[in-house]
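J.: Take this sequence and fold it.
(chains A and B)
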Amino acid sequence: MRIDYRIEQPVALHAAFDVEGFTVLLGASGEGKSLLLRAIAGLTPARGEPFDGMPAQHRAVGYLPQGYALFPHLNAWQNVAFALRGSQRRVQAMHLLERVHMAEFAERYPSTLSGGQQQRVALARALARRPQLLLLDEPTSALDPVTRDDVIAELIGEVHEFGIPALAVSHDPHLAAVADRLVLMHEQRIIQIGAPAEVYANPANGAAARLLGHRNVHRGRINGAQQLIWQDGGIAFPVNSDAFEGDVDWTIDSEAIRLVEAREGLPNAVPASIEVRHVMGRTVQLGVRCGRGRLWISVPVDQVILESAAVQLPAEAIRWWKRDS
Amino acid sequence: MTRTAFNLGLPAIVSFLTLLLLAAPFIGLAFATSWHSFGFTDGDGSAIAVSLCYSLLALVLIIALGTPLAWWLARHRVRGSWLIDALLLLALLTPPLAMGLLLTSMYGPYGTAGSLLERAGLALTNSGPAFVMAQFYSALPYYVIAARAAFEGVPCELEQMALTLGQSPWRSFVCVSLPLARLGLAAAIALAWVRALGEFGAVLIVAYYPQGIPVKLWVNLQNVGLSAVYPLLWVFFLIAMPLPLVLGLAARRRRLI
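T.: The predicted structure follows:
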C-alpha cells in the first residue's frame, strides 16, 4: 500500500513510501512519526493518500497507539467487540481473541493484563475493524525487556497470518531488524528505504547509521594527507579517502577495532582507558574513553584486558560519509 | 512505636471530631423535634409535591443543556476561554437573592425577555416555569463546573480510539466519555439536585408561589413557629437524600448494605 502524506502543523512533514508486510518507519524521537500515524488514522489534519479527507470513523485502519489505549471500563472481549455490531459480536470477539491466543483472558480488565497481553487484545480489537492497514505506534515501548523479543515475534507472526499490511513507527533498532521493509526518517524526511539486510549493510549516511543502532558513529574531518581527524577523540588515523577533503561522519564496527598494549608503541595505536564492561553472552562490549569521545569495542569474554590499553582503527574497516553543510 | 501510633491516631481523632461538628445540628434537630406531636400544617403536602416535581424537571433541563456545554468546555480550547470561566464563576458567586432580582428584571413582566414571553403565553413570575427557571439558574453553574472536571479526566485518546474503531462521535461520547466520567458526573448531578431542591433566595423572589419546601419552611416559621418547621425539614431530608446517595453508590459500584 502506497503512503503519501503531507502534514503542515505542528511540524512540517512529508512522507511517501510503500508499506509491504511488516514495515517499520525508524526515526528518532520528535521526528513526527507518531504524528504521521495519527494523520493516516484521520486524527490530525493532513493531506494525502490513502483515505484523503475521510473522517476517522470511515477509515479502514487498525490503529494501536503507544500504551494501546484499551478502554479501562471494558474487559478484554468487550474491548474487542467495541467495533462489532449485531448479536454475534461476542462470538466474533472471542474468535479474534483466540487467534491472538488471549481467549482465556476474555473476562479480564486491561489493568490486570501485562504489556504484551494488552498489545494482543489491542491487535484483536484493531482487527475487528477489518482494516486495510494496521498502524502501530512504538509497539515495543510498553513491553518488558525480558519478554519483548518473544512478544514482537508473536506480533509479527500474527500480522503475517492475518495478511494485512502493517506500518510500525519506532526508534527501536531491534524492531527495525525484524521488519520486512525498513524506512528511515531523519529531520522530517525519508532518507532511506529498503529491506533491513540492505539498509543495515549500507546505511545512507551517519544519521541512518545512528538510527540503526551503530554505536561508533562520530563526526570527523578528512585532510589532504588521507587522515581522518577525530576531534572529540583528539586523534588522527589513516583512512581510504579517495582524495576527498572535508567534514564527514564516520563509523567502525566494534569487532574491527583492535585492543593492543600501549607500551608496545605500535604504529597508529592510540592510548585509551576502559570505562565500562558490558557482558553480552560470549562477547564483552568495552566502552573505551579516547579524549572526549568514546569507542565501543567487542572482544571475546575470555580475552585478558590489558592494564595499559591502546586502540588501533584499521583504515579498511572505517566507513565514512560526507556531511552536508 | 508511640510516635507511629500517634501519627496514625491523630487523623482518625480529627476526622471523628469534624464529623461530630457536622452532625451536631442534626443531632440537635433529633432532640428538638416534638416526636409525640409530629404533624404537618396546611400546604406542606403541596410544597413537597412542588419541590419534588419541579426540581426533577429542573435537573433534567440542567443535565440536557449542561452536559454538552461541559463536554465542549473540557474538549475545546478557544481564544478568550477565560471569559467563559468568568461567566460561570459570575453565576456561581451571585448571591441567590440577587440572582432572583436579576432574573426578575430580565424575565419578569416588565423585563425585556419576560414581556415577550408573557405575550407568547409563558409567565415567568409566580408560576411553575418561574420556579423551575430559578432552580435552573441556581444549580446549572455547579453542574457545568463539576461535569467539565469529570470530562477532563477522560483521556482524549480513548475517545479518538473509538473513532478509529468506526464509531461515530456520538457513539464515542455515549460508550466511552460518559461511562468513564460517571463518577464525576454522578457527583455533578447530586450537587445540582441538592442545590436546586434547596434553593431559597432566587425562588423566593421569582416564584413565591407555587411554594416549594424551602419557602414553605420560611412561611411556617413566620406563621406557626419551629414546631411546624421540623416535620417538613425531616421530609425534605427524606426526599433530597436518596438520589445523591444512590448515584454515589452506583457510580462506585457499591451497595447500600
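J.: hey, let's count contacts and neighbours off CA atoms from now on
T.: Noted.
J.: per-residue confidence for the residue of the stretch 151-257 of chain B found nearest chain A?
T.: Here the stretch 151-257 of chain B gets closest to chain A at one residue, residue B:166, 4.1 Å apart by Cα to the nearest Cα. The model reports residue B:166 with a pLDDT of 93.
J.: Identify the residues contacting it.
T.: Residues in contact with residue B:166 (Cα atoms under 8 Å, 6 or more residues apart in numbering or on different chains) are A:56, A:57, A:58, A:59, A:83, A:129.
J.: what's the nearest residue to the second one if we skip its chain neighbours?
T.: Excluding the flanking residues, the one nearest residue A:57 by Cα to Cα, 6 or more residues apart in numbering or on different chains is residue B:166, at 4.1 Å.
J.: Helix, strand, or coil at residue A:145?
T.: What DSSP: H, G, I helix; E, B strand; the rest coil gives for residue A:145 is coil.
J.: if I look at it, how far off is residue B:177?
T.: Computed with Cα to Cα, to the nearest Å, the distance linking residue A:145 and residue B:177 is 33 Å.
J.: Between the two, which has more neighbouring residues?
T.: Legend: neighbour count by other Cα atoms under 10 Å in any protein chain shown for residue A:145 and residue B:177, higher for residue B:177 (23 against 11).
J.: didn't that one look like it was pressed against residue B:152?
T.: No. Residue B:177 lies out of contact with residue B:152 (Cα atoms under 8 Å); the separation is 9.7 Å.
J.: Count the neighbours of residue A:287 for me.
T.: Neighbours of residue A:287 using other Cα under 10 Å come to 18.
J.: quick one, what contacts it?
T.: Contacts of residue A:287 (Cα under 8 Å, 6+ apart): A:274, A:275, A:276, A:277, A:278, A:294, A:295, A:296, A:297.
J.: Now the buried members of these.
T.: Buried by 16 or more other Cα atoms under 10 Å in any protein chain shown: A:274, A:294, A:295, A:296, A:297, out of the contacts of residue A:287.
J.: Nearest to chain B, out of the contacts of residue A:287: which one, please.
T.: Of those, the one sitting nearest to chain B (Cα to the nearest Cα) turns out to be residue A:278, at 39.2 Å.
J.: Can you read off the backbone torsions of that closest one?
T.: Main-chain dihedrals, residue A:278, degrees, to the nearest 10: phi -120, psi 100.
J.: That one: what's its closest spatial neighbour, skipping adjacent residues?
T.: Per Cα to Cα, 6+ apart, closest to residue A:278 is residue A:285, 4.9 Å.
J.: Around chain B, pick out the residues from chain A.
T.: Residues of chain A lying close to chain B by Cα under 8 Å from any Cα of the partner chain are A:41-43, A:56-59, A:61-63, A:69-71, A:73, A:82-83, A:126, A:129.
J.: Of those residues, select the buried ones using a ChimeraX command.
T.: Filtering those down to the buried ones (16+ other Cα under 10 Å) takes a single ChimeraX command:
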select /A:41,42,43,56,57,58,59,61,62,63,69,70,71,82,83,126,129
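J.: Narrow the residues of chain A next to chain B to those in helices?
T.: When those are checked against helices (DSSP state H), the matches are residue A:126.
J.: Do a quick rundown of the helices in chain B.
T.: Counting by DSSP H, the helices of chain B are B:2-32, B:44-75, B:81-93, B:96-107, B:112-119, B:128-152, B:156-164, B:169-172, B:178-180, B:182-198, B:201-206, B:213-223, B:226-240, B:242-251.
J.: now these as JSON lines including distance to chain A and mean neighbour count?
T.: As requested, those are exported to JSON lines (distance: least, Cα to the nearest Cα, whole Å; neighbours: other Cα atoms under 10 Å in any protein chain shown):
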{"stretch": "helix B:2-32", "distance to chain A": "31", "mean neighbour count": "11"}
{"stretch": "helix B:44-75", "distance to chain A": "14", "mean neighbour count": "19"}
{"stretch": "helix B:81-93", "distance to chain A": "22", "mean neighbour count": "13"}
{"stretch": "helix B:96-107", "distance to chain A": "39", "mean neighbour count": "20"}
{"stretch": "helix B:112-119", "distance to chain A": "41", "mean neighbour count": "16"}
{"stretch": "helix B:128-152", "distance to chain A": "15", "mean neighbour count": "24"}
{"stretch": "helix B:156-164", "distance to chain A": "5", "mean neighbour count": "21"}
{"stretch": "helix B:169-172", "distance to chain A": "8", "mean neighbour count": "15"}
{"stretch": "helix B:178-180", "distance to chain A": "7", "mean neighbour count": "18"}
{"stretch": "helix B:182-198", "distance to chain A": "11", "mean neighbour count": "23"}
{"stretch": "helix B:201-206", "distance to chain A": "40", "mean neighbour count": "25"}
{"stretch": "helix B:213-223", "distance to chain A": "40", "mean neighbour count": "19"}
{"stretch": "helix B:226-240", "distance to chain A": "30", "mean neighbour count": "18"}
{"stretch": "helix B:242-251", "distance to chain A": "12", "mean neighbour count": "16"}
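J.: Compute the first-to-last residue distance for stretch A:15-33.
T.: End residues of stretch A:15-33 are separated by 10 Å (Cα to Cα).
J.: cool, and stretch A:70-84?
T.: 15 Å.
J.: quick one: average confidence on that stretch?
T.: Mean per-residue pLDDT for stretch A:70-84: 95.
J.: chain center to that stretch: distance?
T.: Averaging C-alpha positions (Cα atoms, centre = their mean, to the nearest Å) puts stretch A:70-84 30 Å from its chain's average.
J.: ok, now stretch A:275-283?
T.: With Cα atoms, centre = their mean as the basis, the mean position of stretch A:275-283 lies at 22 Å from the chain mean.
J.: Many thanks, we can stop here.
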